[in-house]
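Visitor: Sequence first, then the predicted structure:
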Amino acid sequence: MIAWKMNTCLKNDPVKKFITPYLRPLRALFFLLTFILSAPVFAQKSYVDSLIQWVDAHPHNDSARIRAMHSISYMLSESDVKRSFYYYGLVSRLSDSLNFTFGKALGNINLGILLSSSGNFEASTKAFILAWEQAKECNAPRLESVALNNIGDNFASLKDYNKCREYAQQAVQINLDQKAWHGVAINYELLHRCDLEQGDFAASKTNLDNGMPYAKMDNDDYVLSQFYLGYGKLHAISNRNDSASYYFQRAMTCARKKPDLRNEFQVYLAEAKYLKHITEAQKITFLESAMRLANQTHYEEGIANDAEQLSSVYDSLGNKDSSLHYYRIYRNVSDALFSENNQRKMMVNESEWTIKNKELENKNLKQVMAAQKRQIAFSNILLFLIGVGFLLAAFVTFLLYKSFQAKKLKDVSQYKQKIAETEMQALQAQMNPHFFFNSLNSIENFIMQNEKKLASDYLNKFARFIRSILDSSINDLIAVNKDLESLQLYIDLEQLRFNNKFTYHCEADPELLQGEYHVPALLVQPFLENAINHGIGPSERTDLKICLKVQLDQNMIHYIIEDNGIGRNQSKLYNELNKPFHKSVGMKLTQDRINIFNQTSVSSESVKITDLFDDDQKPVGTRIEFALKVLKYASPQGHPGG
């Protein structure tokens, strides 16, 4: 329409002579683009006329001309069957002359539609099957889906709904893969009709609901009209007459936009068949309008369906003549369309095509086998290259392995270095100034109080304890019995310093005292120090005690340190009041030493601390538990053998 107006305005333009030489190619290009994009802004008749003008102005026989003539044939298939056949013939002949397989498939699609409208389902299905083969040959999946859907539509007309579903579902999958939403919507609408005709209304609605989003994305009035028609039928069946009339009206509005005479026919027919609240006269009005459209579009199946309903309505009104007249029309047309022989021929044609398709697959298989034989030489070369690649990969793997081993050795070295650093840090934490200050202060107190014997004993034990610490700094490991002796010296010093405020009891497995089992030196001392300073020291009880248990269990040495002091919560409050800036690191360093010795993760919770409570839930002390792996037969220096 726009191009036509442009041409009219130029008739009397003074620059016509200048523009006219360029007008025809520009107009040809415009109509070609319009055809490709299928823009719905033109009325159908004007659009068809525009395409015809473009074909006349584009005499060169090429694929664009074939596509344009196919569109003309398709759009005229309802309104002007004779001209539609004419353009189908042009498409078919031109595609044959150019050996354009895609065009041949388009032509057979046109032929199948025209034959289906005239009720020749046998020939129509043959055309669609041939179009399907040609579409597969030229790798045109969209055309494949069109052919499949139309074959299914023919089976639906013959009331073979299972066959219809089979083809429609194949078409759905192709269209989903191609993201062809127009095709997906049409396929679901066909599946809905199968379910509706068989009375499965729930499945019918499900297929409509599945397809409606694709119809809305496509936004084509032809497709939307069919979906609104389907919803109208379902609402009418459910006796929701108002909503059914609403959907029928929407379907009619969309059909008239194109205009689409076939969809208009379907709306009239559905209103007469499904609306229960309308009068017989209204039904006749709808059906006569439908009959005019069916005759106008040469829609034989529609004529039969409409005549059957008109016959039934006139019979209910007692008009026997009109009823008989339309019944005869129905019988004559339906006998030709839906005869058992027609159905049988369609099934035979489909079976023949299936056999032919299998033969074609076998032929393709033989071609593939021949191609595989030709590739043997290439495969041998490829195997040789793979072998070379394998050797190269093995060499690279060897290099990576050596690199990994070097890194592993480096990690081991760093691990040993960390052990040494941690042990030195622990040693420094154990020999902290506080301990020495407290010990010397105790000796001074004994001297000032003229308790020379106590001062002498304290000084002697203090010297022996310092000597044990120095010995442990030379050797990484120490026998368990020697370690317990050092701990006893430490306890003796602390008991003297605290004026024998607490008792100490050590219970060790006899096997551990034989000197074969070795552990890191003074590993337990920080835990005892912590129990004395934070649990026993602040307590005012008179029965204070510390118990140490050392037990052997298979390949682990288990330590349990238990005191009946004030507990961790009260100790924390005490420290906040009396030592607000004190930060203890001995416990953390000792836990790191345990993890390193046991070769476990540094972040592992290797030390278990349990708060003890009496029956009234009052704190009565703390228990500390940890375990060390067993090492026997220690050497004088370095790590022992295991």
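Guide: Happy to help now that I have it.
Visitor: how many neighbours does the closest residue to Arg256 other than its chain neighbours have?
Guide: Leaving aside its sequence neighbours, Arg256 sits nearest to Glu264 (Cβ to Cβ, 6 or more residues apart in numbering; 6.6 Å). Where you see a C-beta, it was placed from the backbone N, CA and C, and this is true even at glycine. Neighbourhood size, Glu264 [other Cβ atoms under 10 Å]: 23.
Visitor: which regions of the stretch 501-642 of the chain sit below the pLDDT cut-off?
Guide: Within the stretch 501-642 of the chain, the ranges that satisfy pLDDT under 70 run 576-586, 601-604, 633-642.
Visitor: Helices of that one, start to end?
Guide: Using DSSP state H, counting those that start in this stretch, the helices assigned to the stretch 501-642 of the chain run over residues 525-530, 567-578, 586-598.
Visitor: can you list contacts of the host helix or strand of the residue nearest to Arg256?
Guide: For Glu264, the host element (DSSP states H and E) is helix 261-274. Helix 261-274 is contacted by residues 78-79, 222, 225-226, 229, 232-233, 236-237, 244-245, 248, 251-252, 254-256, 278, 282-284, 286-287, 289-290, 293-294, 296-297, 299, 302, 305-306, 309, 313 when judged by Cβ atoms under 8 Å, 6 or more residues apart in numbering.
Visitor: The same query, at a cut-off of 7 Å, please.
Guide: Outside helix 261-274, the residues that touch it by Cβ atoms under 7 Å, 6 or more residues apart in numbering are 78-79, 222, 225-226, 229, 232-233, 236-237, 244, 248, 251-252, 255-256, 283, 286-287, 289-290, 293-294, 296-297, 299, 302, 305-306, 309.
Visitor: The nearest residue to Ser571 once chain neighbours are set aside - how many residues pack around it?
Guide: Nearest in space to Ser571, with sequence neighbours left out and distances taken as Cβ to Cβ, 6+ apart, is His534 at 4.3 Å. For His534, the neighbour count with other Cβ under 10 Å is 23.
Visitor: now His534: how far from Phe437?
Guide: 18 Å (Cβ to Cβ, to the nearest Å).
Visitor: wait, doesn't Ser606 sit right on Ile594?
Guide: Yes - using Cβ atoms under 7 Å, Ser606 is in contact with Ile594, at 4.7 Å.
Visitor: anything in contact with each of these two?
Guide: Counting by Cβ under 7 Å, 6+ apart, the contacts common to Ser606 and Ile594 are Phe626.
Visitor: shaky segments in the stretch 351-500 of the chain?
Guide: Across the stretch 351-500 of the chain, the ranges flagged by pLDDT under 70 are 351-373, 413, 416-417, 419-436, 450, 472-474.
Visitor: which residues of it fall in strands?
Guide: Secondary structure of the stretch 351-500 of the chain by DSSP state E, counting those that start in this stretch: the strands cover 477-479.
Visitor: Can you report phi and psi for Asp476?
Guide: Backbone torsions for Asp476, taken as degrees, to the nearest 10, come to phi -70, psi -40.
Visitor: That one and Thr590, how far apart?
Guide: Using Cβ to Cβ, we find Asp476 at a distance of 15 Å from Thr590.
Visitor: Settle it for me: which of those two has more neighbours?
Guide: Thr590 (25 against 19).
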